[in-house]
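Engineer: got a predicted structure here, sequence first:
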Amino acid sequence: MKLGLQLGYWGAQPPQGVAELVAAAEDAGFDAIFTAEAWGSDAFTPLAWWGRETSRVRLGTSIVQMSGRSPTSIAMHALTLDHLTGGRVVLGMGVSGPQVVEGWYGQPFAKPLARTREVVDIIRKVLAREGPVTNDGPHYPLPYNGPGSVGLGKPLKPIVHPLRADIPIWLGAEGPKNVAQTAEIADGWIPIFYTPKSAGMYQPWLDEGFARQSARRTRADFEIAATCHLQITETEDERRAVVEGIKPVIALYMGGMGAKDQNFHKNVFERMGYATITDQVQELFLSQKREEATALIPDELVEEMHIIGDAAYVKDRVAAWEETGVTTLLLSCRSADEVRQVAELLA
């Protein structure tokens, strides 16, 4: 199992010390660096900026929101960055949720599975550069001849010859149908809230996708990149402080993300066995009672999702994640020293 550095997306201000984190990850033998986007910073620019100082690590997005750009625009970003980095891009994408898609990007959210399939298909056509790119699907028709069209759209192929026609495409997916489609059409999967305890739930969904006639990959060459916070602690008090510090983030995703009637992250927690608290956490969070919502998050859930403890405990838990088929563990680290400490422990 490889290690990746998860830089995530920015908060109110650009994060400090990222260059040092990236340099440490490159030097310590991490396999990849990943960035994310929500409704602030984008995922591609930080990779170009900080990735320019690297020569070995893969540079991935986890995830690019499909509705934020047309499929050909996403392909252009990936194509360009792949050239600039000598073929190190991993294109991670996802559908996001209706509040972001319709509220931020002003695009319809309906039929996310069908849209995902079209996006992936168009991007692969761009990268293959076998001819002018067309698409007959209803979501991203190329050329466009719908309302407002002047009727002059022309099928095109990229001016730039892609460095790689097979840039890896990984998809963020949560529900059964989405995970199965990911196993069918993608090169890898970026699950959210994946844990060794919940891993068995996903296996039939993945198997369904691998069994489809059009599947690109098998389980043997399909990548699974799971994110967790890994922190080596020296004392029980230190461990407890880290656990408590993570609970507000879990409460946000369980109770504050998405719409009340359609929170995909909340659905994942329910599938993981925490349905007894999800409604109450959501009600409290949406009522601005965030501390009360956070207080409902059990230690057990934090410890299931993340790896926090002494060196021996961390090594055992990492092995448990690897045994479930995770090929890359994406870690959020706070300092260059922490990056080196983790790399040394798990070397």
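Structural biologist: Cool, got the structure. Treat the numbers as computed from the prediction; the structure is a model and nothing was measured. Numbers count the residues shown, from 1 in each chain.

Engineer: helices or strands up against the helix or strand hosting residue 246?
Structural biologist: Using DSSP states H and E, residue 246 sits in helix 236-251. Applying 3 or more Cβ pairs under 8 Å, 6 or more residues apart in numbering; DSSP states H and E, we find helix 236-251 packed against helix 290-295, helix 299-305, strand 307-309. C-beta here means a position set from N, CA and C on the backbone, and glycine is covered the same way.

Engineer: show me what counts as buried in whichever helix or strand comes after the last one.
Structural biologist: Spelled out, it's strand 307-309. Where DSSP H and E defines the elements, the next helix or strand beyond strand 307-309 is helix 311-323. Of all the residues in helix 311-323, those buried under the rule 16 or more other Cβ atoms under 10 Å are 314, 317-318, 321.

Engineer: next one: stretch 243-262
Structural biologist: 243, 246-247, 250-258.

Engineer: kindly reformat those residues as JSON lines containing distance to residue 296 and pLDDT.
Structural biologist: Formatted as JSON lines, the buried residues of stretch 243-262 follow (distance: Cβ to Cβ, whole Å; pLDDT from 0 to 100):
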{"residue": "243", "distance to residue 296": "14", "pLDDT": "95"}
{"residue": "246", "distance to residue 296": "14", "pLDDT": "94"}
{"residue": "247", "distance to residue 296": "9", "pLDDT": "95"}
{"residue": "250", "distance to residue 296": "10", "pLDDT": "94"}
{"residue": "251", "distance to residue 296": "7", "pLDDT": "94"}
{"residue": "252", "distance to residue 296": "13", "pLDDT": "92"}
{"residue": "253", "distance to residue 296": "13", "pLDDT": "90"}
{"residue": "254", "distance to residue 296": "9", "pLDDT": "93"}
{"residue": "255", "distance to residue 296": "9", "pLDDT": "91"}
{"residue": "256", "distance to residue 296": "13", "pLDDT": "83"}
{"residue": "257", "distance to residue 296": "16", "pLDDT": "79"}
{"residue": "258", "distance to residue 296": "18", "pLDDT": "69"}
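
Engineer: among the residues you listed, pick out the one closest to residue 136, please.
Structural biologist: residue 258 (31.5 Å; Cβ to Cβ).

Engineer: give me the neighbour count for residue 47.
Structural biologist: 26 (other Cβ atoms under 10 Å).

Engineer: neighbouring contacts of the helix or strand where it lies?
Structural biologist: Using DSSP H and E, residue 47 sits in helix 44-51. Identification of contacts with helix 44-51 by Cβ atoms under 8 Å, 6 or more residues apart in numbering yields 7, 18-19, 22, 33, 35, 57, 59-61, 64, 77, 81, 84-85, 88-89.

Engineer: could you list the buried residues of that helix?
Structural biologist: Under 16+ other Cβ under 10 Å, the buried positions of helix 44-51 are 44, 46-47, 50-51.
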